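*Asks:* Give me a 3D structure for the following:
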Amino acid sequence: METFFPGQDLLFTLLMKVGVAASLAALLVRWEDFRNVLFTEVRDSDLKLKLILFLTPALAVGVLLRLVGYPYRFADLMLEGSFLLGLLGGRVVGPLGGSMVSLPAFLHHEWLSMPMASFAGLVGGLIRQAIPNLDGIWDFGPFTFLNIPRALWRFTRRATVTWEMLPLGACIGLELGRLALGHATKPQWLFYIDARNLWSIGLLLLGTVMAITVPLKIWNNTRIQMNLEQHQQLLLKARMDALSSQINPHFLFNTLNTVSSLIRYDPDLARVVVVKLSNILRRLLRKHETFVPLHEELGFVDDYLDIEVARFGRDNLQIFKQVDQQTLEAFVPSMLLQPIVENSIKHGLGAKLDGGQITIRTSYVEGRLVIEVEDNGVGISPDRMAQVYVDGIGMSNVHERLRMLYGDDFRMDISSSEGAGTLIRIEVPELVSEMRGVS
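*Replies:* Have a look, this model is predicted:
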């Protein structure tokens, strides 16, 4: 093969080594079990063992490939992998994993391979212990060496340690130590990539650093993405809790007004209403789930309607249900129907002297759950219809919660005629039973 410049073989080997390290890191991080182990900062013995079992087989195979023949020496990541094991797993994982990775070389009579790999793992574990904030490990990247001048300035001026310099110095020290040890002993006792002038030594050190930092960078990108998704879920939960806290006091305030009005002329009925209210509050305090079965949501509405019927009288307020029995086990957002029913009673039927009626319908249409709440109240004027999601606490909360939970995969339509009544139609996708655990 024609040689284009001196050291072409060295450059090819180092580039291939970095490529193997990156490929292995990208392959492993696609495994959910590996991610769970890798991104758990405080690990028990079982998790440490799992971390060893995830990394050492692939690294040991690389050593075996190198032993097959000269062209595959780029696959040997014994030193880099052992250091990574210590950096990620600690003082026990590093030496133990390094010993396992170097076992094929040791059995091939490379007597210094196991001590060297174990020492690299121990150095990585000691660095992990020394760094006060473990985020400093993930800050160690392919271009950390560019920060050396700034790190020296901070140390001399402010006596401040830049912690990512510690693993960088260790990588350089370990590779230089392996190179010196290889030159000082028999070549067959320890595998190393030979470099005898300054530029080849610099290239060798850069390759070693890259073979360690590129996997860290790949894993750190995944770690940041997972943290972002987790924070988004926490933000969603916080916003849902805020919306629920708007609904519950709103409902409680109106119910207490009902009790207050009953106390004046019917104390016995007021006591019944208080019991109903206590049942509702007990249910709210007992569990707070984002999704509940439809039959539980209808039961909650029944308790609320009992209070309202007690207020308006059964002759003045009539409730009709047209419920498809197959929909009762479907999961819907909790507190979905009560604000809508309350809105119908307060704004639709409250102004009618002769009371009115509310009809609740549920059905499946093309695999989607459809819920309708219809009243024969005074209706909504066109001017108010434009502000229905802005002015009303109940309706705006329901619409916002549906938007947050389903994105664009829902419909909430309000149709109304003045003097004839209002129909609210909600269409959502059918949710599987596992949604019961979402909270």
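
*Asks:* Excluding chain neighbours, give the residue nearest to L305 in space.
*Replies:* I319 (5.5 Å; Cβ to Cβ, 6 or more residues apart in numbering). (C-beta placed from N, C-alpha, C; glycine too.)

*Asks:* Look up how far S102 lies from the nearest residue to L204 once chain neighbours are set aside.
*Replies:* Leaving aside its chain neighbours, L204 sits nearest to A195 (4.5 Å; criterion: Cβ to Cβ, 6+ apart). The gap separating A195 from S102 is 21 Å, by Cβ to Cβ, to the nearest Å.

*Asks:* likewise V272?
*Replies:* 79 Å.

*Asks:* And these two? Which one has more around it.
*Replies:* Using other Cβ atoms under 10 Å as the criterion, V272 and S102 rank with S102 on top: 30 against 14.

*Asks:* Okay, and the more buried one sits in which element?
*Replies:* Assessed by DSSP states H and E, S102 sits inside helix 93-107.

*Asks:* Give me the buried stretch members for that helix, please.
*Replies:* If you call a residue buried by 16 or more other Cβ atoms under 10 Å, then helix 93-107 has these buried ones: 93-106.

*Asks:* tell me the pLDDT at the residue of the chain positioned farthest from its centre?
*Replies:* Distance from the centre of the chain peaks at Y265, with 55.0 Å (Cα atoms, centre = their mean). Looking at Y265, its pLDDT is 77.

*Asks:* going forward, begin numbering at 42 instead of 1
*Replies:* From this message on, residue numbering opens at 42, which makes the last subject Y306.

*Asks:* Now flag whichever of the buried residues of helix 134-148 is closest to M445.
*Replies:* V134 (41.7 Å; Cβ to Cβ).

*Asks:* quick one: that closest one and G162 touch, right?
*Replies:* Yes: using Cβ atoms under 8 Å, V134 is in contact with G162, at 7.3 Å.

*Asks:* coming back round to it: could you grab the helix/strand/coil label for the residue nearest to L346?
*Replies:* Three-state assignment for I360 (DSSP: H, G, I helix; E, B strand; the rest coil): strand.

*Asks:* Go ahead and confirm it touches I386.
*Replies:* No: using Cβ under 8 Å, I360 is not in contact with I386, being 10.1 Å away.

*Asks:* Show me whatever sits in contact with both of these two.
*Replies:* I399 (Cβ atoms under 8 Å, 6 or more residues apart in numbering).

*Asks:* The two: which has the busier surroundings?
*Replies:* Using other Cβ under 10 Å, the more surrounded residue of I360 and I386 is I386, with 23 against 16.

*Asks:* residue contacts, that one?
*Replies:* Contacts of I386 (Cβ under 8 Å, 6+ apart): E349, F353, L358, I399, D416.
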